[in-house]
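A.B. asks: Kindly return the folded structure for what I paste below:
(3 chains)
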Amino acid sequence: MFSRKTAIVTMSDLGSRGLREDRSGQALAERLGAEGYDVCSRTVIPDDYDRIKEVLIELCDTEGAALIVTTGGTGVSPRDVTPDATVSVIEKSVPGLAEAMRAASMQKTPHAMISRAVAGIRGKTLIINLPGSPKGAIENLEAILAALPHALDKIQGDPSDCAQG
Amino acid sequence: MFSRKTAIVTMSDLGSRGLREDRSGQALAERLGAEGYDVCSRTVIPDDYDRIKEVLIELCDTEGAALIVTTGGTGVSPRDVTPDATVSVIEKSVPGLAEAMRAASMQKTPHAMISRAVAGIRGKTLIINLPGSPKGAIENLEAILAALPHALDKIQGDPSDCAQG
Amino acid sequence: MFSRKTAIVTMSDLGSRGLREDRSGQALAERLGAEGYDVCSRTVIPDDYDRIKEVLIELCDTEGAALIVTTGGTGVSPRDVTPDATVSVIEKSVPGLAEAMRAASMQKTPHAMISRAVAGIRGKTLIINLPGSPKGAIENLEAILAALPHALDKIQGDPSDCAQG
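C.D. replies: Now for the predicted structure:
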């Protein structure tokens, strides 16, 4: 009943110039497809703040994605600006998704602490940042998969009642 | 010595029109009363950003509440705006209270990840968002109860020293 | 290869007037020195929003610190403004460091929930807030020590690849 239209956006300076295969985007497309998400679009763009904003806004407002999953640019390097660009386009923050991903990743490596990934809502689209490595991206996605269907339904206006129980 | 004056605010479109019993507000009033909090006020208002702001500001600035506990409107539905309205009135964020609530809830259900609840301080008042279901509201409250008395004392200016030990 | 130049800033109204020994700053200097950090500067200033901003900016922009560790002013008292001053000077937030510190501290005491500590990046400097007690400051530091070397390298532009694996 509710849309599962999904866009995957890979942030990669090298990838956007055709100098690196988009293995993270590919891994995410396969996994999300297997989970029943309708992966309609894949994009590889450079780690550029304005370009990221532009692509996210178009996928939300024009393409009508229900879910945008980004991979890459979540670290602390000078070129890592994905979370900052994402914050600038979302209308509502969903901090628990980012907290859950980091808490799960920290079980595996302390480097997970420096993922600056965010999650939030623009209109009827949920945007989630994932790290840039295929392994990290899939691990982070798995930490939140169980929460996504209900989240997407609610974002799209599912009127069923949450205040009972 | 320090105030435990507490206000409970329920966000509910149905409840504010008298079409639903305020079971969460009732459960919170009973539990907080049993814990020694002085529950002075209960309000049921619609999920309206401006109305929520107005009520929170009045409870802080005019009524002088030491603690405001909200229930409802913390999710990802289009009408869920409690955290956003709360952020707009607080002067200081207290992210650890929200993190602790979500970490405790996630032990029970992955849906806890999409609670957007925040906590923060306006003047001498601590404002805490809780979810809308009676069960969720009490569970979240229990996760932070042990931290509240010291927090309220400090917010009200308790000069005892934290930097020893 | 990458800088480990470290500044320690203690927020303390009493300490800045010479009325209290800076035990937290001392403990942090010893521990960070033992871990190989190059502690070049120690400063004790009052809990004053504008003064904190001024000192942090100078340590980042003029002194070229790779790491600034603050101690004190992270609580909920009216005079506690370190996180707010820090947020006002950072360009990128690194929420996972603060989350990891609170998650570790909450294992020991529920009071850890009300630490409002933040971490973030200004230019090529990582700024991390720690609590004011010597014990709390060291405990929080220990929770993130394993993530710091890689973080500092990346902030300073280490081009080694994160997107493999």
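A.B. asks: Tell me which helix or strand A:Gly75 sits in.
C.D. replies: Using DSSP states H and E, A:Gly75 maps to neither a helix nor a strand.
A.B. asks: surely A:Arg116 meets A:Val81?
C.D. replies: No - the pair A:Arg116 and A:Val81 fails to qualify as a contact (Cβ atoms under 8 Å) at a distance of 9.4 Å. All C-beta atoms are positioned from the backbone trio N, CA, C, and that covers glycine.
A.B. asks: Looking at these two now, which is surrounded by more residues?
C.D. replies: Between A:Arg116 and A:Val81, counted using other Cβ atoms under 10 Å in any protein chain shown, A:Arg116 has the larger neighbour count: 27 against 22.
A.B. asks: quick one, what contacts the residue lying closest to the more buried one once chain neighbours are set aside?
C.D. replies: Excluding its sequence neighbours, the residue lying closest to A:Arg116 (Cβ to Cβ, 6 or more residues apart in numbering or on different chains) is A:Pro83, at 4.4 Å. If you count contacts by Cβ atoms under 8 Å, 6 or more residues apart in numbering or on different chains, A:Pro83 has them with A:Gly73, A:Thr74, A:Arg116, A:Ala117, A:Val118, A:Asn129, C:Lys92, C:Ser93.
A.B. asks: Please state the offset of the helix or strand hosting A:Pro83 from the chain centre?
C.D. replies: Taking DSSP H and E as the criterion, A:Pro83 maps to helix A:82-89. Centroid separation for helix A:82-89 versus its chain: 11 Å, with Cα atoms, centre = their mean, to the nearest Å.
A.B. asks: what about whichever helix or strand comes after it and chain C, touching?
C.D. replies: Of the helices and strands lying after helix A:82-89 in sequence (DSSP H and E), the nearest is strand A:92-93. No - using Cβ under 8 Å from any Cβ of the partner chain, we find that strand A:92-93 stays clear of chain C, coming within 10.9 Å at best.
A.B. asks: if we can go back for a sec, let's see if you can find the most crowded of the contacts of A:Pro83.
C.D. replies: Result: A:Gly73 is most packed of those (other Cβ under 10 Å), 32 neighbours.
A.B. asks: Quick check, that residue in contact with A:Asp13.
C.D. replies: No - applying Cβ under 8 Å as the test, A:Gly73 and A:Asp13 come out as separate, 9.4 Å apart.
A.B. asks: What residues does chain A have near chain B?
C.D. replies: Contacts of chain A with chain B, taken as Cβ under 8 Å from any Cβ, map to A:92-97, A:99-100, A:103, A:121, A:124, A:126, A:144, A:146-147, A:150-151, A:154-155, A:157-158, A:162-165.
A.B. asks: before we move on, the earlier item: residues of the helix holding A:Pro83 that come out buried?
C.D. replies: The neighbour-count check on helix A:82-89 (16 or more other Cβ atoms under 10 Å in any protein chain shown) flags A:Thr82, A:Pro83, A:Asp84, A:Ala85, A:Thr86, A:Val89 as buried.
A.B. asks: Same check on stretch A:104-119?
C.D. replies: In stretch A:104-119, counting by 16+ other Cβ under 10 Å, buried: A:Ser105, A:Met106, A:Pro110, A:His111, A:Ala112, A:Met113, A:Ile114, A:Ser115, A:Arg116, A:Ala117, A:Val118, A:Ala119.
A.B. asks: Greatest separation within these: which pair is it?
C.D. replies: For the buried residues of stretch A:104-119, with distances taken as Cβ to Cβ, the pair at the greatest spread is A:Pro110 and A:Ala119 (21.7 Å).
A.B. asks: Contacts for the lowest-mean-pLDDT helix or strand in chain A next, please.
C.D. replies: Ranked by mean pLDDT, DSSP states H and E, the weakest helix or strand in chain A is helix A:13-16, scoring a mean of 88. Identification of contacts with helix A:13-16 by Cβ under 8 Å, 6+ apart yields A:Arg20, A:Glu21, A:Asp22, A:Val44, A:Ile45, A:Pro46, A:Asp47, A:Arg79.
A.B. asks: what about the closest residue to the first one other than its chain neighbours, how many neighbours?
C.D. replies: Meaning A:Arg20. Counting by Cβ to Cβ, 6+ apart, A:Leu14 is the residue found nearest to A:Arg20 once chain neighbours are left out, at 4.0 Å. Neighbours of A:Leu14 under the rule other Cβ under 10 Å: 15.
A.B. asks: one step back: ok, so of the contacts of A:Pro83, who is nearest C:Leu59?
C.D. replies: Nearest to C:Leu59 out of the contacts of A:Pro83 is C:Lys92 (Cβ to Cβ; 16.9 Å).
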